[in-house]
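>>> Let's see this in three dimensions:
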Amino acid sequence: MNITSVQQWIEQNPILAQALTYIGVLLLIVLSYLIAYRLVGRALIYFAGRTESKYDDIVIRHLKPGRISLYAPLFVIYYFAYLIPSAQESINQGVLFVVLWLTVITFNALLGALNEIYESRKSFSGVAIAGYLDLIKIVAYLVGIILSVSLFTGQSPLGLLAGLTALMAVLLLVFRDTILALVASVQISTNDLVREGDWLEVPSYNADGDVIEINLHQIKIQNWDKTISVVPTYKLMDSSYRNWRGMSESGGRRIKRAIHIDLHTVSFCDDEMIEKLKRFDLIREAVTAKLEEIEKGDSIFQVGSETIGTHQVTNIGVYRAYIEAYLNNHPAIRKDMTLLVRQLAPIPHGLPIEIYAFTITTDWIEYEAIQAEIFDHLLAVVPEFNMRVFQNRVGGEFKVLPESVRSLSDTSNQ
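All right, here's what the predicted structure looks like:
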């Protein structure tokens, strides 16, 4: 069979020849996709799996080799569109439209891969670039829309772009949230206000937890109960929020809690009490120094004909000195940060003795353990100073109090 005989057969059977041609083109389209997927898609997956770097794996996962392989059958369709002269122009436009948007989607997928690679680096500090990448994606979609309209209308893309300026007011209204989110994202990134991994507290959205994602339109916060709160990016700039990053970076977490002492048990220390308190190594020097000060007459005040100050040592004062000495000797309390034991104004629930100090760790579990250990000790040692912690009285309360504190309470109530 030669070329002449084939041409004669085609002239004798035009419909059958045309059908065979269409079938052949269809098989070529399928075959081109399979070859492209095998040679390109599988090859990319294979080489990515052979390398030690994880970055190429991220790129391949976002690109999706099956999607890239679609270019091959689209080019075949475009090339053989002349076989259908009446629909050639429409087929070419349709193919170019699909190629255009396939390119836009692939480009945006590469941007997503770039963001994941950026955040997976060991040097990643939490400063997100997702907002900027989202802006580029929006521009890519707008370019795709303009080129699509130009493709089907035959008008110049520049002419369409100039025409869009007349619709700027409408576009500003439609993309209002996007524009606000863009401005907020630039402010957040430029001023380094929020990073991924920060502990963020946004009371207006009942959000309190770690920031797990920052993008152009929203910030995702995983609350401590493992629920997810979504805060619009631009709303964050209008809301009051607290970022605990400073605490984490300082290396110390604050303890600010008060012990409420029953005012009825605050008193001067007699000789017996002073000798008892001298047994505590932490405050022996403080008590001795106070007594020497009193003996010099520095703490004696004249009120009428009576002298007040024979022993100007109070159990509450010694207790404060004990707390300060205890904290200064505690290995889990930072000495290079504020360490303060102060007496606040009396309230109906007693006399608050507040502790203001910082632990050596910011880990939540360790912090709570250190705080509990400190207050376990300080609450248990209160009766040693002939005082009691304020507590609303309930039945049987005085039956379990130490004898010294119970006698003080009974005397004060007489």
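>>> Against Phe175, how distant is Asp376?
Using Cβ to Cβ, to the nearest Å, Asp376 is found at 58 Å from Phe175. Quick note: C-beta positions are derived from backbone N, CA and C, even for glycine.
>>> Please identify which of those two sits among more neighbours.
Phe175 (14 against 10; other Cβ atoms under 10 Å).
>>> What distance do you get for that one to His217?
From Phe175 to His217 the distance is 11 Å (Cβ to Cβ).
>>> Secondary structure of Ile355: a strand, I assume?
Yes - counting by DSSP: H, G, I helix; E, B strand; the rest coil, Ile355 falls inside a strand.
>>> contacting residues around it?
255-259, 323, 327, 340-341, 374, 378 (Cβ atoms under 8 Å, 6 or more residues apart in numbering).
>>> Mark which of these are part of strands, please.
255-259, 340-341 (DSSP state E).
>>> burial measure for Asn243, as a count.
Using other Cβ under 10 Å, the number of residues around Asn243 comes to 16.
>>> That one contacts Trp199, doesn't it?
Yes - under the criterion of Cβ atoms under 8 Å, Asn243 makes contact with Trp199 at 7.3 Å.
>>> what are the phi and psi angles of the closest residue in space to Ile370 that isn't next to it in sequence?
The shortest distance from Ile370 to any non-neighbouring residue, by Cβ to Cβ, 6 or more residues apart in numbering, is to Ala332 (4.5 Å). When quoted as degrees, to the nearest 10, the phi and psi of Ala332 stand at phi -100, psi 10.
>>> Show me the beta-bridge partners of the residue positioned nearest the centre of the chain.
By Cα atoms, centre = their mean, the chain has its centre lying nearest to Val211, at 1.7 Å. For Val211, the beta-bridge partners are Ile221 (DSSP bridges).
>>> ok, it touching Arg195?
Yes - at 7.0 Å, Val211 counts as touching Arg195 under the criterion of Cβ under 8 Å.
>>> What ranges does this protein have for its strands?
Along the chain, counting by DSSP E, strands occupy 199-202, 207-214, 218-223, 228-232, 242-243, 254-261, 301-303, 306-308, 340-343, 351-358.
>>> what's the first one packed up against?
When contacts are defined as 3 or more Cβ pairs under 8 Å, 6 or more residues apart in numbering; DSSP states H and E, strand 199-202 sits against strand 207-214, strand 218-223, strand 242-243, helix 245-250.
>>> where does this protein have its least confident helix or strand?
strand 301-303 (a mean of 44; mean pLDDT, DSSP states H and E).
>>> need the contact list for the residue nearest to the centre of the chain.
Neighbours of Val211 in contact, by Cβ under 8 Å, 6+ apart: 126, 194-200, 219-221.
>>> count of residues packed around Gly252?
Applying other Cβ under 10 Å, I find that Gly252 has 19 neighbouring residues.
>>> Check what pLDDT it gets.
At Gly252, the model reports a pLDDT of 91.
>>> which helix is the longest one in the chain?
helix 88-120 (DSSP state H).
>>> Show me what it packs onto, helices and strands only.
Helices and strands touching helix 88-120, by 3+ Cβ pairs under 8 Å, 6+ apart, are helix 55-63, helix 65-68, helix 71-79, helix 130-153.
>>> Taking helix 130-153 as reference, get the angle to it.
180 degrees (axes from the mean of the first three to the mean of the last three Cα atoms, to 10 degrees).
>>> could you give the angle of helix 88-120 to helix 71-79?
160 degrees.
>>> residues of helix 88-120 that come out buried?
91-92, 94-96, 100, 104-106, 108-109, 111-117, 119 (16 or more other Cβ atoms under 10 Å).
>>> rewinding a little: now do the residue nearest to the centre of the chain, the pLDDT please.
Reading off the model, Val211 has pLDDT 92.
>>> Return the member of the contacts of Ile355 nearest to Glu384.
The nearest member of the contacts of Ile355 to Glu384, counting by Cβ to Cβ, is Leu378 at 10.8 Å.
>>> From Val104, how far out is that closest one?
In terms of Cβ to Cβ, Leu378 sits 65 Å off from Val104.
>>> Kindly report the same for Arg253.
48 Å.
>>> try His330
His330 is 61 Å from Val104, by Cβ to Cβ.
>>> what's the closest residue to Ile84 other than its chain neighbours in contact with, if anything?
Nearest in space to Ile84, with sequence neighbours left out and distances taken as Cβ to Cβ, 6+ apart, is Ile91 at 6.7 Å. Counting by Cβ under 8 Å, 6+ apart, Ile91 makes contact with 77-78, 81, 84.
>>> Understood, closing this out.
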